[in-house]
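K.L.:
Following is a predicted model, sequence given first.
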Amino acid sequence: MSALRESLGFLTSRLRQVGIFVALILIVLLFQGLTEESSWSRRTSPTWWSRTATSSFWRSAW
C-alpha cells in the first residue's frame, strides 16, 4: 500500500513540474504575441527558444 502511495506522490509531483513548465511556455508565448511588433520578437526565433527551454526542462526534471 505504501508503494502505491509513493508512486502516486511521484506522479503528482511530476505533473506539477509539467504544469509549471506549460504555464511558463504559455506566459512567454502570450508575451511574444503582445510584443510581436517589437524587434526583440523578430530577432528571437521561437523554435530556438522552445528547443532551449525543452532541453533545460528535461535536464532538470530527470
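P.N.:
It's in.
K.L.:
Show me the helices in the protein, by range?
P.N.:
Applying DSSP state H to the chain gives helices spanning 2-34, 39-43, 46-61.
K.L.:
low-confidence ranges in the chain?
P.N.:
Scanning the chain for pLDDT under 70 picks out 1, 35-62.
K.L.:
so how far is L24 from T12?
P.N.:
Using Cβ to Cβ, to the nearest Å, we find T12 at a distance of 19 Å from L24. Backbone N, C-alpha and C define where each C-beta goes, glycine included.
K.L.:
any idea how far S13 lies from R5?
P.N.:
Using Cβ to Cβ, which is the criterion applied here, S13 is 13 Å from R5.
K.L.:
One more: L29?
P.N.:
Taking Cβ to Cβ as the measure, L29 and R5 are separated by 36 Å.
K.L.:
In terms of neighbours, single out the busier of the two.
P.N.:
Under the criterion of other Cβ atoms under 10 Å, the comparison of L29 against R5 puts L29 first, with 13 against 9.
K.L.:
What separation do you get for that one and T12?
P.N.:
L29 sits 26 Å away from T12, taking Cβ to Cβ as the criterion.
K.L.:
tally of neighbours for I25?
P.N.:
Should you count by other Cβ under 10 Å, I25 turns out to have 15 residues around it.
K.L.:
before we move on, what about F21?
P.N.:
Should you count by other Cβ under 10 Å, F21 turns out to have 17 residues around it.
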